[in-house]
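Student: pasting the sequence and the predicted model now:
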Amino acid sequence: MPRARLPISDSENFLLHIMAAHSPLSAKLAEEAGFDGLWASGFELSALYGLADMSLITMTQHLDMLRAIAGQSSLPIVADIDTGYGNALNVIHAIREYEKAGAAAVVIEDKTFPKVTSLAAEGRQELLRIEEFQGKIEAAIAARQDPDFLVIARTEALIAGLGEEEALKRGMAYVEAGADLILIHSKKKDPAEIESFSRAWKGSAPLVIVPNAYPELDATRIKALGNIRMTIYGNYGIRAATTAMQDAFRRIITDGGVQNVHKDIVPVEEIFRLQKMDQVKADEKRFLR
C-alpha cells in the first residue's frame, strides 16, 4: 500500500500539525491524538540513545526508526535528515533510501557536516555556501522518484545570527534550486523574528516552522501570517516522556515502592491495546494448532 503523502494547500487557513516521534509507540500515540503527520526526529532519537544531537546517530539507525514507525502508523512521515549525511552525493543516496523506507518528505538543513543542534547555547553554527547547498537541493529533487515526495530546505541563518536579510536570500536561493517548502528556524525566546521573516517572505514556496523556543506562536497567530503551511512540534514527545518517567521513578524511590504511583499511570491493559494484543490472541486461536 502506498504511503500517505502530505497535502500542501494554498489556503491561508491550511496548517499541518506535525508531531515529533522517536519510536513506533510515540508515533501511534501522536496518530491517536489527531496529528496530521509525524516528524522522524533526529534530536529525539539521539536523546533516546543518550547522545547529543551532533550527527552521532547514523543514517542506518535513523532509517531503522523510520521503517519501524511506518510499519505501525498510517500518518505521513517528515524525515529529519540534518545535513543529508554529507555532500550532494550523500544526499542522492539518502533520498533514495528515505523514499523507499516510507517517508513522505525530508528536511535538509544548510549547516556544515557534522552539525550541532540549533538550540544549544553557544553551539557551533556553521553554514554552507549558498551555491553548495543549492546543489544538495537539486540533487534531492533529481533523486526522488515520486513527485509528491517533498524536499524541504531548512535555513539556519537566523540560528547562526546572520540576520533576516541573509535568511531571506538563502530561502529564495533554495526555492530557485527546487525546494518545495522552506523551513525557517529561530532560537529567540519570542516569535518576533519568525513573524518578521514570514511577513517579509515573497518566495513562491510556503514556509515551515518549529515553534519549540516560542510556544506562544499558536495556530491562530500562525494562520494570520498567511504563508506558513506546516508547524513541527520538534521535541515535545521526548520531553513529555522524560517528564513522566522522571516523576514516576522519583516517586517510587521516595515511597519505597509502587503503591502510590501505580494509580496515576496507564494500566497495563492500555499497553496491551497499543500492542494489539486482541489481534495477537485471535491469531493464536486461529493458527496455533
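Tutor: Arrived safely.
Student: and the pLDDT at residue 251?
Tutor: Residue 251 carries a pLDDT score of 98 in this model.
Student: which SS class is it?
Tutor: helix (DSSP: H, G, I helix; E, B strand; the rest coil).
Student: which neighbouring elements make contact with the helix or strand containing residue 270?
Tutor: Using DSSP states H and E, residue 270 maps to helix 268-274. The criterion is 3 or more CB pairs under 8 Å, 6 or more residues apart in numbering; DSSP states H and E, and the helices and strands that helix 268-274 contacts are helix 24-33. Bear in mind the C-beta positions are built from the backbone N, C-alpha and C, glycine included.
Student: show me what the helix it packs on is packed up against.
Tutor: strand 16-21, strand 37-40, helix 59-70, helix 236-255, helix 268-274.
Student: could you dump those into TSV with mean neighbour count added?
Tutor: Shown next, in TSV, are the helices and strands packed on helix 24-33 (neighbours: other CB atoms under 10 Å):
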stretch	mean neighbour count
strand 16-21	24
strand 37-40	27
helix 59-70	19
helix 236-255	14
helix 268-274	11
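Student: how about CSV for those, with distance to residue 127 added?
Tutor: Shown next, in CSV, are those (distance: least, CB to CB, whole Å):
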stretch, distance to residue 127
strand 16-21, 24
strand 37-40, 22
helix 59-70, 21
helix 236-255, 26
helix 268-274, 41
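Student: which residues does the spatially most central residue of the chain bridge with?
Tutor: A centroid search over the chain (CA atoms, centre = their mean) returns residue 39, at 3.0 Å, as the residue closest to the centre. Judged by DSSP bridges, the bridge partners of residue 39 are residue 20, residue 78.
Student: so residue 154, which of the three states?
Tutor: strand.
Student: show me what contacts it?
Tutor: 107, 108, 109, 110, 182, 183, 184, 185, 208 (CB atoms under 8 Å, 6 or more residues apart in numbering).
Student: need the distance between the two termini of stretch 199-209.
Tutor: 14 Å (CA to CA, to the nearest Å).
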